[in-house]
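Q: Kindly generate the corresponding structure for this input.
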Amino acid sequence: MEEEKVLWSDRKRPIFGLPISFTKYTLTQEKLYIKTGFFNIKEEEVRLYRIIDMTLKISLFQRIFNVGTIHFYSIDNSSSEFEIVSIKNARKVKEMFSKIVEDERAKKKVASREVLIRH
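A: Alright, predicted model coming up:
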């Protein structure tokens, strides 16, 4: 990861809301990095302007421990759908992502075309 200002960072919190995991999420102004693994490390990079939609999912178990999952839809061929799983304050983080994604799309002059299909 280059020298970019980190806006948000967290770890997957799968057990009682504790960050006991080898999955780390890092957000900068332009990219989301998802680093997984301990012995074999995989680092995914998603450019924020390519994100087209996101959904917040919070199970009962997650609600008890104030964590949630954000599901993303992207126009990236290699990562058309991905999640950041079991993070703290997921609703607040989703709102932060929404704002930053919109800012990046405006800055890069990326327009999305919404298609309405009526049945």
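Q: Centre of the chain to the longest helix belonging to the chain, how far?
A: Criterion DSSP state H: the longest helix present in the chain is helix 90-107. Relative to the centre of its chain, helix 90-107 is centred 10 Å away, using C-alpha atoms, centre = their mean, to the nearest Å.
Q: tell me the mean pLDDT for stretch 49-56?
A: In this model, stretch 49-56 has a mean pLDDT of 96.
Q: ugh, wrong one, stretch 81-98
A: If you average the pLDDT values across stretch 81-98, you get 97.
Q: What are the buried residues along whichever strand or helix holds residue 10?
A: Secondary structure assignment for residue 10, by DSSP states H and E: strand 8-11. Burial within strand 8-11, assessed by neighbour count using 16 or more other C-beta atoms under 10 Å, is assigned to 8, 10-11. All C-beta atoms are positioned from the backbone trio N, CA, C, and that covers glycine.
Q: Contacts for it next, please.
A: Residues from elsewhere that reach strand 8-11 (C-beta atoms under 8 Å, 6 or more residues apart in numbering): 19, 21, 23-27, 84, 87-88, 93, 96.
Q: Parallel or antiparallel, which strands does whichever helix or strand comes after it pair with?
A: Counting by DSSP H and E, the next helix or strand C-terminal to strand 8-11 is strand 23-27. Note on strand 23-27: by DSSP bridges, its sheet partners are strand 8-11 (antiparallel), strand 31-36 (antiparallel).
Q: and the end-to-end length of stretch 34-53?
A: 18 Å (C-alpha to C-alpha, to the nearest Å).
Q: and it, how far out from the chain's middle?
A: 9 Å.
Q: what residues are up against the most centrally placed residue in the chain?
A: Ranked by distance to the mean C-alpha position of the chain (C-alpha atoms, centre = their mean), the top residue is residue 84 at 4.9 Å. Contact analysis of residue 84 by C-beta under 8 Å, 6+ apart lists 10, 12, 25, 32, 34, 69-70, 72, 93.
Q: Output these as TSV; include the columns distance to residue 3.
A: Below are the contacts of residue 84 laid out as TSV (distance: C-beta to C-beta, whole Å):
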residue	distance to residue 3
10	20
12	25
25	18
32	17
34	19
69	29
70	26
72	25
93	23
